Structures are given as structure tokens and as C-alpha cells.
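*Asks:* Prediction below, plus the sequence it came from.
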Amino acid sequence: MYLHIRWTNFKCPHCGATWASRIVSAPRVGIEGRTCTKCGREFFSHDREWVHMTRGEKRGYLLSEWVIGWLLFYALLFIIVPGSDDKLGTVLILLGVGAVMFSPLVLARVAAIRQSNARIRAIAPRQFKLRQPRL
Ligand SMILES: [Zn+2]
């Protein structure tokens, strides 16, 4: 699993210019080939198109550290909260807050995967059909 929380600078392999700084080191869904803004040369980025990702990379992307952090946070809340009189109400409120907190993350990922698939289709429609994974 790609579960390391550390601040990582992604650099151009030609000139060493930093093109991204991220806490999550797992590959993201994105454009694979980038052009360096400093030296103008092309290189392979850390990002992968969805259809090119391995199962482990997909899992790492969908279950990133943020999600796991939130799950731990909720587990803690369930341990801390039981003192309240209306337990069902408390649980429903927490679930509601969780849904509101998670939905932008989930929607952003779904959007990134859709954009990735659209890019692949635009480049190689036949290849995309052949390589399209079962979801
Ligand atoms: Zn460069």
C-alpha cells in the first residue's frame, strides 16, 4: 500500500525545478506527461491516467491518507461520544457531517477519473476500449 504521510516535492528530472508539493505521496489520477515550466522539457510526472494505474495505485488513490484519517477520527468520536442521552441522534448527526465532509473528496475523485478516461479516449479510442478495466 502507498500509505506514507510525508511532504514530498516532485521535481523535474532535467533541471530539478519543483512542479508540485504534496503530503500524500500516492500517485494521483492526472496527466502523465508534463512540460517543465522552467526548462521547457517534457518528463513523466508522478500522476497516472486511471486506466494505466495498477490495482494497488487505484486503491491508494481512492483510500488515501485523508480518508483513513477521517475514519480514525470518526472511530474516536464514537468512542468519546457515548455519554450522550440520544445515541441514535448523535450517530445520525455524525454520519450526516461525515457525508458532507466526504462528498467533495469523492466528487473530486470521480471527476478526475472521468477526465482521465476522456483524455485516453481522445488520444486512442480503440486502445481505450481494449484496456478499459472492469469496474
Ligand atoms: Zn525542468
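*Replies:* Sure, I can see it.
*Asks:* In contact with L62, which residues?
*Replies:* Shown in contact with L62 (CB atoms under 8 Å, 6 or more residues apart in numbering): R109. For the C-beta atoms, the positions are set from N, CA and C on the backbone; glycine is no exception.
*Asks:* From V110, how far out is it?
*Replies:* Distance, L62 to V110, by CB to CB, to the nearest Å: 10 Å.
*Asks:* T8 too?
*Replies:* Distance, T8 to V110, using CB to CB: 25 Å.
*Asks:* Residues contacting stretch 13-23, please?
*Replies:* By CB under 8 Å, 6+ apart, stretch 13-23 touches 5-12, 28, 34, 36-39, 41, 43, 45-46, 65.
*Asks:* can you do 6 Å?
*Replies:* For stretch 13-23, the external contacting residues (CB atoms under 6 Å, 6 or more residues apart in numbering) are W7, T8, N9, F10, K11, C36, K38, C39, R41, F43.
*Asks:* Just give me the closest of these to L72.
*Replies:* Closest to L72 out of those is W7 (20.1 Å), distances taken as CB to CB.
*Asks:* Quick check: residues of the protein near the ion?
*Replies:* C12, H14, C15, A17, C36, K38, C39 (CB under 5 Å from the ion).
*Asks:* if we go to 6 Å?
*Replies:* Within reach of the ion by CB under 6 Å from the ion, the chain has these residues: C12, H14, C15, A17, C36, K38, C39, R41.
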